[in-house]
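[1] What follows is a predicted structure for the sequence shown.
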Amino acid sequence: MGERAEKAGRTTGPAPALLMIGAGALMGFSMLAVLIGRSEGVGLVALPAAKEVARLEFRAEDQVDGSIALRDVSDRHIVAWIRPGEDGFLRGTLRGLAQARQRGGLGPERPFSLTRYDDGRLALADEATGRQVPLEAFGSTNAGAFARLMPGPGAPATETR
């Protein structure tokens, strides 16, 4: 039985060696093709950069009654009121950005900015911390909560107090 096990472990002929060489060559060729493709941009799809079509810079001001006033920094008018228990996504997103400012020891001096691009995307940015929130990542309903703040066609009128 020991002799059989010894024979079973041995390789006979050049086939396994050629198989290993072929597999190594195929792997080497694949890695070389990927390296050349990435360095030359072969097969990559690049979309043109979206252009900014509208921008709103605003401050979120906490009120005594628990509501939040969103005030346009250009003319100080109130863009929207977020009442307690309403606009959960909008309130939560702004609270998260405000908490990041507090952790960084930053105050409310610098405004938040909401930007609409020509491809329809909306982005919320905090210039103070450098954080950016691509709102389309949260679905159209949640992005719509911020879209209503933007002036322009199709934007619903905002309630004033």
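    Good, I have the coordinates.
[2] When you work out contacts or count neighbours from here on, use the C-alpha atoms and nothing else.
    Fine.
[3] can you give me the strands for the protein?
    52-62, 68-72, 78-82, 112-117, 122-126, 131-134 (DSSP state E).
[4] model confidence over the fifth one, on average?
    It stands for strand 122-126. Mean pLDDT, computed over strand 122-126, is 93.
[5] Residues in contact with it: which ones?
    Residues outside strand 122-126 that contact it (CA atoms under 8 Å, 6 or more residues apart in numbering): 97, 111-116, 131-136, 143, 147.
[6] what angle separates it from strand 52-62?
    Interaxial angle of strand 122-126 relative to strand 52-62 (axes from the mean of the first three to the mean of the last three CA atoms, to 10 degrees): 50 degrees.
[7] what pairs with strand 122-126, and is each one parallel or antiparallel?
    The pairing partners recorded for strand 122-126 under DSSP bridges are strand 112-117 (antiparallel), strand 131-134 (antiparallel).
[8] Alpha carbons of stretch 134-143, as CSV, please.
    Written as CSV, here are the backbone C-alpha positions of stretch 134-143 (Å, rounded to 0.1, in the frame of the first residue of the first chain):
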residue,chain,number,x,y,z
PRO,A,134,-25.3,63.8,-2.5
LEU,A,135,-29.1,63.9,-1.8
GLU,A,136,-30.1,61.7,-4.7
ALA,A,137,-28.4,58.8,-2.8
PHE,A,138,-31.4,58.9,-0.3
GLY,A,139,-34.1,58.6,-3.0
SER,A,140,-36.3,61.0,-4.8
THR,A,141,-38.7,61.6,-1.8
ASN,A,142,-35.9,62.7,0.5
ALA,A,143,-34.1,64.7,-2.2
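[9] Can you give me the domain boundaries for the chain?
    Domains of the chain are assigned by automatic domain parsing as 16-46, 52-147.
[10] ok now the last one, how far from the chain's centre?
    This points to domain 52-147. Taking CA atoms, centre = their mean, to the nearest Å, one finds domain 52-147 lying 16 Å from the centre of the chain it belongs to.
[11] Kindly state the beta-bridge partners for the residue most central in space within the chain.
    The centroid of the chain falls nearest to residue 134 when counting by CA atoms, centre = their mean (4.7 Å). Per DSSP bridges, the residues bridged to residue 134 are residue 123.
[12] Contacts only, for it.
    Taking CA under 8 Å, 6+ apart, we find residue 134 in contact with 121-124.
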